[in-house]
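Student: everything below, folded, please.
(one chain, ligands or ions: 2)
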Amino acid sequence: MQIQRKDHSKLAIIGNVDSGKSTLVGVLTKGILDDGRGGARERVFNYKHEKENGRTSSVAQEIMGFDENLKQVLPERFNQNKNKYWSQVVEKSEKIVTFLDLCGHEKYLKTTIFGLVAMIPDYSLIIVGANMGVSKMTREHLGVSLFLKNTIRHRLDKSGHSTLKYLQRNYRTYQISDKESCDQKNSNII
Ligand SMILES: Nc1nc2c(ncn2[C@@H]2O[C@H](COP(=O)(O)OP(=O)(O)OP(=O)(O)O)[C@@H](O)[C@H]2O)c(=O)[nH]1
Ligand SMILES: [Mg+2]
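Tutor: Numbering: from 1, shown residues only. Ligands and ions are numbered 1, 2, ... in the order given. Okay, the predicted model is just below:
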């Protein structure tokens, strides 16, 4: 059997409850749009009870593959065993990103910390809901990620400016430019 090494990164999705983490993972990895009623996140959940209450309480993993032209590789169909469609994506991809969809609710903080510590992500993507801004759980997740020296990428929508100011105020040692770009040498927040 020939083992081929592929360019692979692991990305932890963190942020407060209901900020849209699972929806984002569903939209990106399944190549669909959300229907505004939780349609995209439903395809990411591991358990029935998560589908029923809409809340992530376990670590869900999904992959996104890209070909040599950086075009997304999608499987023929998703309604099959995860091992099957993952292998189809991996086979046709040059570059692979694994998403770790973590829990936002405080009740599941231990599970989120497990995801960040034990699953060793290369990067963290922090989601800040435009209607919520930076919350207690945003700070907790950010703190754990920074402690573990994961590179942080933040996705900002309407609350972007105030969130950026918060990060600049509280994490002075990490340089963040106004353009939200990253000084790779000096910063681990992108
Ligand atoms: N308006 C709007 N709604 C969104 C967006 N992203 C997600 N939603 C909706 O917000 C709700 C919560 O989204 P989730 O993806 O479950 O949020 P989550 O961060 O995964 O929540 P937890 O797993 O409980 O931490 C769902 O009903 C989504 O349809 C967005 O960008 N805009
Ligand atoms: Mg979720």
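
Student: what parts of this protein come near ligand 2?
Tutor: Proximity of the chain to ligand 2, by Cβ under 5 Å from the ion, involves residues 21-22, 56. Heads up, the C-betas are built off the backbone N, CA and C, glycines and all.

Student: repeat that with 6 Å
Tutor: For the chain, the residues in contact with ligand 2 (Cβ under 6 Å from the ion) are 21-22, 41, 56, 101.

Student: how many other residues sit next to the residue lying closest to Q88 once chain neighbours are set aside?
Tutor: The spatial neighbour of Q88 that comes closest, neighbours along the chain excluded (Cβ to Cβ, 6 or more residues apart in numbering), is P75 at 4.3 Å. By other Cβ atoms under 10 Å, 19 other residues sit near P75.

Student: for P75, give me phi and psi.
Tutor: Torsion angles at P75 (phi, psi; degrees, to the nearest 10) stand at phi -70, psi 170.

Student: residues in contact with it?
Tutor: 84-86, 88-89 (Cβ atoms under 8 Å, 6 or more residues apart in numbering).

Student: what do you get if the cut-off is 6 Å, keeping everything else the same?
Tutor: 85, 88-89 (Cβ atoms under 6 Å, 6 or more residues apart in numbering).

Student: so can I have a markdown table of those showing neighbour count and secondary structure?
Tutor: Formatted as a markdown table, those follow (neighbours: other Cβ atoms under 10 Å; DSSP: H, G, I helix; E, B strand; the rest coil):
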| residue | neighbour count | secondary structure |
| --- | --- | --- |
| Y85 | 18 | helix |
| Q88 | 17 | helix |
| V89 | 20 | helix |
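
Student: what's the helix or strand for the closest residue to L148 other than its chain neighbours?
Tutor: Leaving aside its chain neighbours, L148 sits nearest to L116 (6.0 Å; criterion: Cβ to Cβ, 6+ apart). Element membership for L116 (DSSP states H and E) is helix 109-118.

Student: I'd like the next helix or strand past that helix.
Tutor: Using DSSP H and E, the first helix or strand after helix 109-118 is strand 123-128.

Student: what about the closest residue to ligand 1 within the chain, how many neighbours?
Tutor: Going by Cβ to the nearest ligand atom, ligand 1 is nearest to G104 of the chain, at 2.4 Å. For G104, the count of nearby residues is 27 (other Cβ under 10 Å).

Student: sweet, I'm off.
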